[in-house]
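Novice: This is a predicted model, with the sequence first.
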Amino acid sequence: MEPISILHFLDSVFLQGNLFGMSKGPLGSADPIVKGIIPSMFGILGFSIMLNLFNAVVRRKLVDQEKLQRIMKETKAWQKERMAAFRSKDTEKQAELNKKSTYMNRLNQEMMQMNMRPMMITFVPLILIFYFVLPPLFAYTVATSPVSLNVLPGDFFSITCPADKVDGKICHNEHDVYFWGWYFLGSITFSGIIMKLTKTSMDLS
């Protein structure tokens, strides 16, 4: 998974539950404008693609991609050398590499700032769309998974409906996929493709 996926995760944790009192419980509607699983699935995927394109355009405008790639390559090479010296117990090499720690920390901070700058612009439109545009359009759940996709403990970051939440109103079946969860999965799936096409990828391979 690319580093940018971490930013998608940070975005997405705010899309579930209650944010600043704007919503309570899972997002969605008991009587959505878009009805049916197939239209809902493709509709949300369409939103995920459009928002990813918006994110990519903002990144391309605000981030110097050549500089970012150069910083990433330099920090990755330094980390690789440092790990190799640690494994081989080459104390002399470790001491030499440690002298660059301050410089490398500064590069890492600069890289983080470059990556966060676009997010500060795209975050607000994303939240507005999720709280005021999408809930009336789609049901609480829009797809069904054969297995649970809730890899984190607890229910703070639930992508699929657990058995104890099946009530016939929000969830009709165990492993029903919440609409925001379907968006998150679609966003992760298409983000890498869109970033490669727009040349905003953070993949060094």
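Specialist: Everything's here; your move.
Novice: Can you classify residue 143 by secondary structure?
Specialist: Here residue 143 takes the strand state, with states given by DSSP: H, G, I helix; E, B strand; the rest coil.
Novice: How about the contacts made by it?
Specialist: By CB atoms under 8 Å, 6 or more residues apart in numbering, the contact list for residue 143 reads 37, 40-41, 176-177, 182. For the C-beta atoms, the positions are set from N, CA and C on the backbone; glycine is no exception.
Novice: Whichever of the residues you listed count as buried, I'd like them selected in PyMOL; how would that read?
Specialist: One line in PyMOL is enough to select the buried ones among the contacts of residue 143; burial here means 16 or more other CB atoms under 10 Å:
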select buried, resi 40+41+176+177+182
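Novice: what sits against the residue of the chain most remote from its centre?
Specialist: Distance from the C-alpha centroid of the chain, by CA atoms, centre = their mean, peaks at residue 92 (40.2 Å). By CB under 8 Å, 6+ apart, residue 92 lies in contact with nothing.
Novice: buried stuff in the helix or strand it falls within?
Specialist: Residue 92 belongs to helix 91-98 when elements are defined using DSSP states H and E. For helix 91-98, burial by neighbour count (16+ other CB under 10 Å) applies to residue 97.
Novice: so what does the helix or strand following that helix touch, helix or strand wise?
Specialist: Remark: after helix 91-98, the chain's next helix or strand is helix 101-128, criterion DSSP H and E. Packing contacts for helix 101-128, counted by 3 or more CB pairs under 8 Å, 6 or more residues apart in numbering; DSSP states H and E, involve helix 4-13, helix 37-62, helix 65-87.
Novice: if I look at the closest residue to residue 176 other than its chain neighbours, how far off is residue 175?
Specialist: Nearest residue to residue 176, sequence neighbours excluded (CB to CB, 6 or more residues apart in numbering): residue 141, at 3.8 Å. Distance, residue 141 to residue 175, by CB to CB, to the nearest Å: 10 Å.
Novice: Common neighbours of these two, please.
Specialist: In contact with both residue 141 and residue 175: residue 161, using CB under 8 Å, 6+ apart.
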